[in-house]
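**Q** What follows is a predicted protein model with its sequence.
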Amino acid sequence: MSSPRPVGPSKFRPVDALYHDPAPVGGVAVALLTGTYGLFGLPVDLPLLVVGFCGVTLIYAADRVWGPAPEDRVNRPDRVAWVRAHQGWLAVETMGLFAVGGALLPYLAWPTLLWTAVLGGVAVLHVRWGAGERPVLVGLAKPGAIATTWAAGGALLPFVEAGAPVGIGALLFFGARTLFILPNLLLADWGDRRGDIKAGLAPWAPRWTLRRVRWTATGGLAAAALGALGWAAVARAPVLVGIDAVGLLLMGGTVWGMDPTRPRDAFLADLVVAWPVVPGLAAWMIV
């Protein structure tokens, strides 16, 4: 399979912003937080939602837009071209995110700020470049650490901000969320293997076939589904757990149906990760 060719500025479409701007990834963070609020009946905290959106968007901007990413020239030439053509907008966006997110940080509880600093530290390990322009997180440590960080932020931060205990139920939920998010990252990493090799990142993906990646991801989703069945038996609203579990089915379809090298498919996979917003919104009508 040949690598996609760079997209010239004349071929840019409005939908390209959804594929390449980091802001939609920040929206996924809001969706995960919203799902946790709805499933556990926690009070919705607007500052946490806004700071979560701003922080995740800035992290992905540092990785994809402002940080050196030589592998993107092979893996995502269309993103490289889009970023080069929209430097002005991305600069304004970055300043706005810093301003809004920074203004709302004082409204968060101190434990939340501490957790956020720890999760942000893991993100820095991913985007920081050391000698030879190599990131700290390489191999399977990269998708594993990123999935765990995403799940911790989306599943546990609402408990911390609300002052609620992070008990066994919340920890099991965090584990299930990790298994739900991980397939998207495994597929993305596998799709980026050619550019990663050329950039000297020593990825794990060349040693795996796509079929192996898909079966590994499916095993994780099956484990998450079993956990959802057990959780539904004690949940305050089992129907919400059922709605949330639809996301596992959708992720399974994504695992077996998406092409990890296509920006459109990668964006659709991110939308599946945002599925928890559906049970989160449904909670307001059902409970």
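**A** Here it is on my side, so go on. Numbering: from 1, shown residues only.
**Q** All the helices of the stretch 101-250 of the chain, in order from the start?
**A** Counting by DSSP state H, counting those that start in this stretch, the stretch 101-250 of the chain has these helices, from start to end: 110-127, 141-162, 168-191, 193-198, 210-232, 238-257.
**Q** Reformat those helices as a markdown table; add mean neighbour count and distance to Trp82.
**A** Yep, even glycine has a C-beta here, placed from its N, CA and C like the rest. Written out in a markdown table, the entries for the helices of the stretch 101-250 of the chain read as follows (neighbours: other CB atoms under 10 Å; distance: least, CB to CB, whole Å):
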| stretch | mean neighbour count | distance to Trp82 |
| --- | --- | --- |
| helix 110-127 | 16 | 19 |
| helix 141-162 | 22 | 22 |
| helix 168-191 | 21 | 17 |
| helix 193-198 | 18 | 16 |
| helix 210-232 | 16 | 26 |
| helix 238-257 | 18 | 23 |
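**Q** and stretch 67-85, what's its mean pLDDT?
**A** Rounded to a whole number, the mean pLDDT of stretch 67-85 is 83.
**Q** can you pull the buried residues of that stretch?
**A** For stretch 67-85, the neighbour count (16 or more other CB atoms under 10 Å) marks 67, 69-72, 74-83, 85 as buried.
**Q** Could you tell me which of those are located in helices?
**A** Members of the buried residues of stretch 67-85 lying in helices (criterion: DSSP state H): 72, 74-75, 77-83, 85.
**Q** From Leu39, how far out is the residue lying closest to Gly242 once chain neighbours are set aside?
**A** Distances taken as CB to CB, 6 or more residues apart in numbering place Ala232 nearest to Gly242, at 6.7 Å, with adjacent residues excluded. Noted for Ala232: a distance of 11 Å to Leu39, by CB to CB, to the nearest Å.
**Q** which ones are touching the closest residue to Val277 other than its chain neighbours?
**A** Nearest residue to Val277 in three dimensions, chain neighbours excluded: Ala31, at 3.7 Å (CB to CB, 6+ apart). By CB atoms under 8 Å, 6 or more residues apart in numbering, the contact list for Ala31 reads 273-277, 280.
**Q** I'd like those laid out as a markdown table, including neighbour count.
**A** Formatted as a markdown table, the contacts of Ala31 follow (neighbours: other CB atoms under 10 Å):
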| residue | neighbour count |
| --- | --- |
| Val273 | 25 |
| Ala274 | 19 |
| Trp275 | 23 |
| Pro276 | 25 |
| Val277 | 18 |
| Gly280 | 23 |
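**Q** got those residues as TSV, with pLDDT and secondary structure columns?
**A** As requested, the contacts of Ala31 are arranged in TSV below (pLDDT from 0 to 100; DSSP: H, G, I helix; E, B strand; the rest coil):
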residue	pLDDT	secondary structure
Val273	97	helix
Ala274	97	coil
Trp275	97	coil
Pro276	97	coil
Val277	97	helix
Gly280	94	helix
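**Q** Could you pull up the residues touching Gly26?
**A** By CB under 8 Å, 6+ apart, the residues touching Gly26 are 52-57, 60.
**Q** Can you list the helices and strands that the lowest-mean-pLDDT helix or strand in the chain packs against?
**A** Using mean pLDDT, DSSP states H and E, helix 193-198 stands out as the lowest-scoring helix or strand of the chain, at a mean of 79. Helix 193-198 sits against helix 72-75, with contacts defined as 3 or more CB pairs under 8 Å, 6 or more residues apart in numbering; DSSP states H and E.
**Q** which residues sit against the helix it packs on?
**A** The set of residues that contact helix 72-75 without belonging to it, under CB under 8 Å, 6+ apart, is 3, 64, 79-80, 191-192, 194-196, 198-199, 261.
**Q** swap the cut-off to 7 Å and go again
**A** Contacts to helix 72-75, defined as CB atoms under 7 Å, 6 or more residues apart in numbering, come from residues 3, 79-80, 192, 194-195, 198.
**Q** Likewise for stretch 107-123?
**A** With contact meaning CB under 7 Å, 6+ apart, stretch 107-123 is reached by 47-48, 51, 55, 59, 105, 145, 149, 152-153, 157, 160-161.
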